[in-house]
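Chemist: Got a predicted model here, sequence first, then my questions.
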Amino acid sequence: MSMKKENMKKHKGGRKRKANPCIHRHSFNLNDKENARFLSLFEASGMKVKANFITACVFEKPVKVVKIDKGTMDFYMRLTNLYGQFRAIGVNYNQVTKAIKNNFSERKALVFLNQLEKATLELVAINKQVMDLTREFEEQWLQK
């Protein structure tokens, strides 16, 4: 038994040491303007650790910059909401036509369906305008 204890290393606790630890430190100073630019570049990179960002810049590793345009996101959120409303109108359209058919005489139903048809044509024209504006927006403002 004493042989086993001698061969086993005592566990001292703590985390395991890295194979290649970073032990060299460097310091540099920035003025207010340079610091503001540094922080904006760091935030744009999406990195979590400033040291990793600095080493990537110093050794010319590619730094990924992700820019999120809040206006574009807002546009697409509103567009998605609008198409959700179009789907709801489609469901209501089906329910209205069924109710008109079941509850009114043929003559009154034709009058109501004629009004519904006019409103539908207006909605189709508006939908076409939305699609044209969306296409124009994508061509003009979105990067490819």
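Modeler: Nice, I can see it.

Chemist: Now do the helix or strand containing Gln85, average pLDDT.
Modeler: According to DSSP states H and E, Gln85 maps onto helix 70-103. In this model, helix 70-103 carries a mean pLDDT of 85.

Chemist: Which positions in it come out as buried?
Modeler: 75, 100 (16 or more other CB atoms under 10 Å). For the C-beta atoms, the positions are set from N, CA and C on the backbone; glycine is no exception.

Chemist: how near is Ala36 to Glu122?
Modeler: Separation of Ala36 from Glu122 (CB to CB, to the nearest Å): 52 Å.

Chemist: thought Phe137 was touching Asp74?
Modeler: No: using CB atoms under 8 Å, Phe137 makes no contact with Asp74, being 12.0 Å away.

Chemist: Thr97: what's it in contact with?
Modeler: Thr97 sits next to 113, 116 when contact means CB atoms under 8 Å, 6 or more residues apart in numbering.

Chemist: do that again at 10 Å, thanks
Modeler: Thr97 makes contact with 109, 112-113, 116, according to CB atoms under 10 Å, 6 or more residues apart in numbering.
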